[in-house]
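S.K.: Could you work out the structure for the sequence below:
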Amino acid sequence: MRSLRTFHIVGLGCPKNRVDSELMWASLAQAGWTAVDEPADADLILVNTCAFIQSAVQESVDSILELAEFRSDSEQRCSKLVVTGCLPARYREELLEEMPEVDLFIGPAEVGRIADLVKGKGARFQLRPESSFLPDHTLARANSLGVGSAYLKVAEGCSRACTFCIIPKLRGPQRSRSIEDLQAE
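M.R.: All right, here's what the predicted structure looks like:
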């Protein structure tokens, strides 16, 4: 297998997912990867998914299947397709069976380990529901909004047990960053 060098990220869903995508982008760049604008030019394609409501699930599945077209053994195409975010957290085992074209599924708690996980060592499914990930100001981040504005992830998860909401299952219990950490970022 050839060495992976370029990546393309598709981010779907909420601003929290956008921040996660920015963190993964920066982590991969620090590990020596180069971002490309077109999925056709990428060795590695990451799809950061949403699974909050059914229309978001459908958009995520459609995007994965569309991007899977770039997955082949050809030198000109993607050699690794990775699905991250809430879809793997919500549909764990179903995805392993129904999406053989995906090389790796990563849950939201794994955002901080993306550069290590895409190296190809370990299980095809990486999800630690008992674990959580909340960035701090020391992590590199690629701002996708441009100069003068950026999302600031203040908290993650939710500790309420609303019957209509799946966020606690997908993102874990409520965790907040300190004021000092937010100011530093």
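S.K.: all contacts plus neighbour counts: C-alpha atoms, from now on.
M.R.: Fine.
S.K.: I'd like to know how far Leu12 sits from Glu101.
M.R.: Using Cα to Cα, to the nearest Å, one obtains 19 Å as the distance from Leu12 to Glu101.
S.K.: So which of the two has more stuff around it?
M.R.: Relative neighbour count places Leu12 above the other of Leu12 and Glu101, with 21 against 17, counting by other Cα atoms under 10 Å.
S.K.: Near the closest residue to the more buried one other than its chain neighbours, how many other residues are there?
M.R.: In space, Leu12 comes closest to Thr49 once its chain neighbours are excluded; the distance is 5.2 Å by Cα to Cα, 6 or more residues apart in numbering. The burial metric for Thr49, expressed as a neighbour count using other Cα under 10 Å, is 29.
S.K.: So what does Arg113 look like in phi/psi?
M.R.: According to degrees, to the nearest 10, the main-chain angles of Arg113 amount to phi -110, psi 10.
S.K.: From Pro135, how far out is it?
M.R.: In this structure, Arg113 and Pro135 are separated by 12 Å, where distance is defined by Cα to Cα.
S.K.: quick one, which of these two is more surrounded?
M.R.: When neighbours are counted by other Cα under 10 Å, Pro135 comes out ahead of the other of Arg113 and Pro135, with 21 against 14.
S.K.: For this structure, which helix or strand comes out least confident on mean pLDDT?
M.R.: strand 125-126 (a mean of 70; mean pLDDT, DSSP states H and E).
S.K.: what's the next secondary structure element after that one?
M.R.: Under the assignment DSSP states H and E, the closest C-terminal helix or strand after strand 125-126 is strand 155-156.
S.K.: Quick one: mean pLDDT over that following strand.
M.R.: In this model, strand 155-156 has an average pLDDT of 89.
S.K.: For it, which strands pair with it and how are they oriented?
M.R.: When sheet partners are counted by DSSP bridges, strand 155-156 sits next to strand 175-176 (antiparallel).
S.K.: Can you pull out the low-pLDDT segments for this structure?
M.R.: Scanning the chain with the threshold set as pLDDT under 70 gives 1-4, 72-76, 122, 125, 128-132.
S.K.: Now do the helices in it.
M.R.: With DSSP state H, the ranges of helices along the chain come out as 15-30, 54-68, 86-98, 114-117, 167-171, 179-184.
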